[in-house]
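Chemist: sequence and predicted model, in that order:
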Amino acid sequence: MIRSELIQKIADENPHLYHRDVERIVNTIFDEIIEAISSGNRVELRGFGAFSVKARGARTGRNPRTGEAVDVEEKHVPFFKTGKLLRDRLNGKES
Amino acid sequence: MTSKTLTRMDLSEAVFREVGLSRNESADLVESVLTHMSDALVRGEQVKISSFGTFSVREKSARVGRNPKTGEEVPIHPRRVLTFRPSHLMKDRVASGNK
């Protein structure tokens, strides 16, 4: 499923909404999540999962082509942990 | 940096501000989005949201695990796990926003 298919499904269920509004709604949800974790916050969606930020410490990396050592600065990366309900559903445990 | 936790309520509030719907309907729409994504994943589909990221389901085979406390061997059954791969845009924004 891709973004446009998701938007279409929501639009089909809500015939009273303009298609462009459904687009804005779906986009707002994803933008809001990016916005939140970019400011160091966490987004917890019970049953679905949680988006958070993990710190990766500074390290000495290597250029794989030349073997040369390079300093890699500390950085922050997005992280998603699947919620319990979704994890159970993936394994056939409907509740 | 004080970190706070956002929930469904904050997402529906954002939808409410963005589009002129009631708070109730905004909350229902947030729920529908999550439900459709979950249902697709449960069917084994990949969910690919451009400029956000990709959720995919991976099959893990059975293996023998160990209870770290007792050292006891326990069988781990084959299972399906969900992985999320963030888009470049998300990675860049998270990296530059958390400097």
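Modeler: It's in.
Chemist: all helices for the chain, in order.
Modeler: Just so you know, I chose chain A. Using DSSP state H, the helices of chain A run over residues A:3-13, A:19-38, A:84-90.
Chemist: not quite, I wanted chain B
Modeler: For chain B, helices defined by DSSP H occupy the ranges B:8-18, B:23-42, B:88-97.
Chemist: so, low pLDDT: which residues of chain B?
Modeler: Residues of chain B meeting the criterion pLDDT under 70: B:1-2.
Chemist: between the helices of chain A, which one is closest to chain B.
Modeler: Proximity to chain B (C-beta to the nearest C-beta) singles out helix A:19-38 among these, at 3.4 Å. In this view, the C-beta of every residue, glycine as well, is placed from N, C-alpha and C.
Chemist: pull out the buried positions in the closest one.
Modeler: A:21-30, A:32-38 (16 or more other C-beta atoms under 10 Å in any protein chain shown).
Chemist: closest one to B:Lys4 among the helices of chain A?
Modeler: For B:Lys4, the closest of these is helix A:19-38, at 8.6 Å, according to C-beta to C-beta.
Chemist: does chain B sit close to that closest one?
Modeler: Yes. Helix A:19-38 reaches chain B (C-beta under 8 Å from any C-beta of the partner chain) through A:21, A:24-26, A:28-30, A:32-34, A:36-38.
Chemist: what would those look like in a markdown table with pLDDT?
Modeler: Below are the residues of helix A:19-38 next to chain B laid out as a markdown table (pLDDT from 0 to 100):
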| residue | pLDDT |
| --- | --- |
| A:Asp21 | 95 |
| A:Arg24 | 96 |
| A:Ile25 | 96 |
| A:Val26 | 97 |
| A:Thr28 | 97 |
| A:Ile29 | 97 |
| A:Phe30 | 98 |
| A:Glu32 | 97 |
| A:Ile33 | 97 |
| A:Ile34 | 97 |
| A:Ala36 | 96 |
| A:Ile37 | 96 |
| A:Ser38 | 95 |
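Chemist: one step back: want to throw the helices of chain A into JSON lines with distance to B:Glu31?
Modeler: Shown next, in JSON lines, are the helices of chain A (distance: least, C-beta to C-beta, whole Å):
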{"stretch": "helix A:3-13", "distance to B:Glu31": "11"}
{"stretch": "helix A:19-38", "distance to B:Glu31": "11"}
{"stretch": "helix A:84-90", "distance to B:Glu31": "13"}
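Chemist: what's the spacing between A:Arg59 and A:Val77?
Modeler: The gap separating A:Arg59 from A:Val77 is 13 Å, by C-beta to C-beta, to the nearest Å.
Chemist: which one of those two is surrounded by more residues?
Modeler: Higher neighbour count among A:Arg59 and A:Val77: A:Val77, with 15 against 11, using other C-beta atoms under 10 Å in any protein chain shown.
Chemist: so the more buried one touches B:Gly97, yeah?
Modeler: No. In this structure, A:Val77 is not within contact of B:Gly97 by C-beta atoms under 8 Å, at 11.8 Å.
Chemist: quick check: bridge partners of A:Trp69?
Modeler: One thing to correct before we go on: residue A:69 is Ala, not Trp. A:Arg62 (DSSP bridges).
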